[in-house]
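**Q** Below is the sequence, then the predicted model.
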Amino acid sequence: MTKSKMLAELREAIDKGWLQITDQDLIDELKSYTIIDVEDNTPKNKVTRH
């Protein structure tokens with residue numbers, strides 16, 4: 001699972017009322033992510049440079 005997929009599914013769960021987050025620190029952290037933070041930057045061929 002990628003970060004972008006995980007956050008998209010989290011958003012769906014919140015939007016549909018399946019999950020409620022009451023921890024203000026967690027809410028603030030989630031709101032701080034930008035689109036660049038959640039983009040799927042996984043190499044297409046799954047090869048890393050190390």
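**A** Cool, got the structure. Residues are numbered from 1 along each chain as shown.
**Q** centroid residue for this structure?
**A** What sits nearest the mean C-alpha location of the chain, by C-alpha atoms, centre = their mean, is Leu7, with 2.5 Å.
**Q** need the next SSE after the helix or strand hosting that one, C-terminal direction.
**A** Using DSSP states H and E, Leu7 sits within helix 3-15. The helix or strand immediately downstream of helix 3-15 is helix 24-32, counting by DSSP H and E.
**Q** Name the residues that touch that following helix?
**A** Outside helix 24-32, the residues that touch it by C-beta atoms under 8 Å, 6 or more residues apart in numbering are Leu7, Leu10, Ile21. From N, CA and C alone the C-beta is placed, and that goes for glycine too.
**Q** got it, and stretch 1-18?
**A** Contacts for stretch 1-18 (C-beta under 8 Å, 6+ apart): Leu19, Gln20, Ile21, Leu30, Tyr33, Asp37, Val38, Glu39, Asp40, Thr42.
**Q** And the furthest pair within these?
**A** Gln20 and Thr42 (30.4 Å; C-beta to C-beta).
**Q** More neighbours: these two, which one.
**A** Thr42 (11 against 7; other C-beta atoms under 10 Å).
**Q** Next, Thr2: phi, psi?
**A** phi -90, psi 160 (degrees, to the nearest 10).
**Q** I'd like to know how many residues surround Ile14.
**A** Neighbours of Ile14 using other C-beta under 10 Å come to 14.
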